[in-house]
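Novice: missing the sequence, but the structure's below:
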């Protein structure tokens, strides 16, 4: 997600200093920028990239959880998971629409995703191996997403901020349904407990990586911060997430898989062990176990659906022609 | 590049007595599919009682470059606002 | 009241199995808008199934839950219509299957709102509106695919050839439902025929589709005589409940 979307973003811009200063003044005055407003090319490019990657993350994110819709263990869980995965699709749709206000089409963005040119959150390149993964994804991955998305509701670009407000409102049930699943497992049989701990072990570090590289290594963070496309740094958000999540794990009697995790009284937050950034970059660049499968699945849906989309357009054209012919009679 | 499915703007009336409000956009080949998609995408949580869909290309927008001449001339017409007029409190609510 | 239990279970199975099939589309639909529409329909069906299973469990009075009924019965104990278990196929088949089913259930539930059974009445009042929407949504797609491109028309006609042979079973009564029809608790299935024929006829006319002669109508779901697909669906759906007996989820 989301701040990972800035990896490789080119915020460079060719406008006059006066124009850029005027634009920056609007941003500093907390004015929202709307689609037809004049904006620096770098601002537009950065937004297209970030919103597009955010949208792709929602769409690709449907796959790992969708993997368990048909195997959900009760009818209640089945309905909730289906509604949740459906929501992710909706969020992708709102975000594509927000990006489209910047002059890029959904078809273009889809092609970029399928060609591997556009990225999406690295977290979705891990496989969902057990039902507990569905709980832990809701708890950790949606939890991390919410941390990231709440500040984006105040993003300087109006359509993105409005999409995020809708997303955040809808997403409030996602994390709770995930946590409830994990809680049920943690209080269940020894096998269920083990399933929950195993899922936490596998998803903890990838969840921390969702916030993107450390501030020192994140090249385009500064420009995005001053344009208020981003409102907190990667490390600030990651710290907030850890501080919120560790007590939730303790409540469940589950162990966070980080032997160096310690409360630091002085900073009022947890210290954590080193994140394996080599793994992060490997997965971002396509080396995760599921990268190839995810794109293959998306490509299959897109290509298998082509005849449906074409038929709908052809039918619309026929109806238009018939209406014209009728009017002429 | 495949042929693009047209974009629609969606407006929803949350309940009778309120205006339709813009809620977002979607893609559909025609107006019937657009209405159904609007229902499925934008009213999953009981958000509305009536939907409008409008082809995005049918909307004509004012130019932000003309915002100054379009909107600012109204700023000094303060006599259009009730607070411009001095009426003693003794008169009561007016 | 074993007949009522059986008849409610039949309806519940129809809704769950078809809802499960639709849920398989989530994330794989031809366009994002349909990725939202298909789960909406699936959720309607699963919601109705849950109410009906819950009612069946109460009627039985043996302490079984909705999940016990859904997850712990095997193929031969499932009573759903064959059309509900047919694989999704392509989008044309999925939409046609939905149209065939919903065009029956809409008038069926509309007739059941006068049932003396309060639970049936309650389900009917809600489900008739849901089914009306499914008819519209699936019907609009059948029209567009039937009268779209040459390719889509061929696929749509192929879907009709594939699925029409399962439509006769929709109008059949089981022993259980026949008993309840006689008591006036459930509407007679055969009574829905004119409404179904009219809706399908109208949509087919617009879609330029022809209903084929069916030399060998297929039936048997109500007696647990299913096709081979249902076993796989159940194996997948029931896996966790079977692998961890007695666990709470």
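Specialist: On my side now, so go ahead. It should be emphasised that the depicted structure is a prediction, and the values quoted were computed from it without experimental measurement.

Novice: quick one: name the residues of chain B near chain A.
Specialist: Within reach of chain A by C-beta under 8 Å from any C-beta of the partner chain, chain B has these residues: B:1-5, B:7, B:23-30, B:33, B:41, B:44-45, B:61, B:63-65. For every residue, glycine as well, the C-beta is placed using N, CA and C.

Novice: which of those are buried?
Specialist: Among these, those buried by neighbour count (16 or more other C-beta atoms under 10 Å in any protein chain shown) are B:5, B:7, B:23-30, B:33, B:41, B:44.

Novice: and these as a markdown table, adding pLDDT, secondary structure and distance to residue C:189?
Specialist: Formatted as a markdown table, those follow (pLDDT from 0 to 100; DSSP: H, G, I helix; E, B strand; the rest coil; distance: C-beta to C-beta, whole Å):
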| residue | pLDDT | secondary structure | distance to residue C:189 |
| --- | --- | --- | --- |
| B:5 | 94 | coil | 39 |
| B:7 | 96 | strand | 44 |
| B:23 | 95 | strand | 41 |
| B:24 | 94 | strand | 42 |
| B:25 | 96 | strand | 43 |
| B:26 | 97 | strand | 38 |
| B:27 | 97 | strand | 39 |
| B:28 | 97 | coil | 35 |
| B:29 | 97 | coil | 36 |
| B:30 | 97 | coil | 35 |
| B:33 | 97 | helix | 32 |
| B:41 | 96 | helix | 35 |
| B:44 | 92 | coil | 32 |
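
Novice: which one of these is nearest to residue C:27?
Specialist: Here the nearest of those to residue C:27, counting by C-beta to C-beta, is residue B:41; it sits at 15.4 Å.

Novice: in the host helix or strand of residue C:197, what's buried?
Specialist: Using DSSP states H and E, the element containing residue C:197 is helix C:193-207. Residues C:195, C:196, C:199, C:200, C:203, C:204, C:207 are the ones in helix C:193-207 that count as buried (16+ other C-beta under 10 Å).

Novice: the last one against residue C:147, yeah?
Specialist: Translated: residue C:207. Yes. With contact defined as C-beta atoms under 8 Å, residue C:207 reaches residue C:147; the gap is 5.6 Å.

Novice: output the below-cut-off pLDDT ranges for chain B.
Specialist: Counting by pLDDT under 70, the low-confidence segments of chain B come to B:1-2.

Novice: which residues of it lie near chain C?
Specialist: Going by C-beta under 8 Å from any C-beta, the residues of chain B near chain C are B:5, B:26-29, B:32-33, B:36-37, B:39-41, B:44.

Novice: next one: the stretch 101-250 of chain A
Specialist: A:106, A:131, A:181, A:184, A:188, A:189, A:191, A:192.

Novice: which residues touch residue C:2?
Specialist: Taking C-beta atoms under 8 Å, 6 or more residues apart in numbering or on different chains, we find residue C:2 in contact with residue C:176.

Novice: and the strands in chain B?
Specialist: Applying DSSP state E to chain B gives strands spanning B:7-13, B:21-27, B:50-55.

Novice: in CSV, list the ones you listed along with distance to residue C:221.
Specialist: Below are those laid out as CSV (distance: least, C-beta to C-beta, whole Å):
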stretch, distance to residue C:221
strand B:7-13, 40
strand B:21-27, 37
strand B:50-55, 38
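
Novice: nearest to residue A:295, out of the ones you listed?
Specialist: Comparing those by C-beta to C-beta, strand B:21-27 comes nearest, at 21.4 Å.

Novice: quick one: contacts of that closest one?
Specialist: Strand B:21-27 is contacted by residues A:93-94, A:97, A:100, A:106, A:163, A:166, B:5-14, B:34, B:37-38, B:41-42, B:47, B:56, C:31-33 when judged by C-beta under 8 Å, 6+ apart.

Novice: can you give me how far it is from the chain middle?
Specialist: Centre-to-centre, strand B:21-27 and its host chain are 10 Å apart (C-alpha atoms, centre = their mean, to the nearest Å).

Novice: adjacent strands (with direction) for it?
Specialist: With DSSP bridges as the test, strand B:21-27 is paired with strand B:7-13 (antiparallel).

Novice: so who does residue 55 touch?
Specialist: Picked chain A for this. For residue A:55, the contacting residues are A:91, A:92, A:93, A:95, A:96, A:99, A:109, by C-beta under 8 Å, 6+ apart.

Novice: that was the other one, I meant chain C.
Specialist: Neighbouring residues of residue C:55 by C-beta under 8 Å, 6+ apart: C:8, C:119.

Novice: what pLDDT does residue 19 get?
Specialist: Chain wasn't specified; assuming chain A. Note on residue A:19: pLDDT of 94.

Novice: let's do chain C instead
Specialist: For residue C:19, pLDDT reads 98.

Novice: excluding chain neighbours, what is closest to it?
Specialist: Nearest residue to residue C:19, sequence neighbours excluded (C-beta to C-beta, 6 or more residues apart in numbering or on different chains): residue C:45, at 3.3 Å.

Novice: check which helix or strand covers that neighbour.
Specialist: Using DSSP H and E, the element containing residue C:45 is helix C:32-60.

Novice: next SSE downstream of that helix?
Specialist: Per DSSP H and E, the first helix or strand lying C-terminal to helix C:32-60 is helix C:66-71.

Novice: so after that following helix, what's the next helix or strand?
Specialist: Assignment by DSSP H and E places the next element after helix C:66-71 at helix C:82-85.

Novice: tell me if that following helix is near chain A.
Specialist: No. Residues of helix C:82-85 contacting chain A under C-beta under 8 Å from any C-beta: none, with a closest distance of 13.3 Å.

Novice: mind giving me the packing neighbours of that helix?
Specialist: Helix C:82-85 is packed against helix C:2-23, helix C:91-112, helix C:229-237, with contacts defined by 3 or more C-beta pairs under 8 Å, 6 or more residues apart in numbering or on different chains; DSSP states H and E.

Novice: which other residues reach that helix?
Specialist: For helix C:82-85, using C-beta under 8 Å, 6+ apart, the contacting residues are C:13-14, C:17-18, C:21, C:97, C:100-101, C:163, C:166-167, C:169-170, C:218-221, C:226-227, C:229-230, C:233.

Novice: 7 Å instead, please
Specialist: Here helix C:82-85 makes contact (C-beta atoms under 7 Å, 6 or more residues apart in numbering or on different chains) with C:14, C:17-18, C:97, C:100-101, C:163, C:166-167, C:169-170, C:218, C:220-221, C:226-227, C:229-230, C:233.

Novice: return a ChimeraX selection command for the buried portion of these.
Specialist: The ChimeraX command for the buried members of these (criterion: 16+ other C-beta under 10 Å) is given here:
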select /C:14,17,18,97,100,101,163,166,167,169,170,218,221,226,230,233
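
Novice: where does chain C have low pLDDT?
Specialist: Of all residues in chain C, those with pLDDT under 70 make up the ranges C:1.

Novice: and it, which residues reach chain B?
Specialist: C:31, C:33, C:36, C:37, C:40, C:137, C:140 (C-beta under 7 Å from any C-beta of the partner chain).

Novice: go with 6 Å
Specialist: Within chain C, the positions adjacent to chain B are C:33, C:36, C:37, C:40, C:137, C:140 by C-beta under 6 Å from any C-beta of the partner chain.
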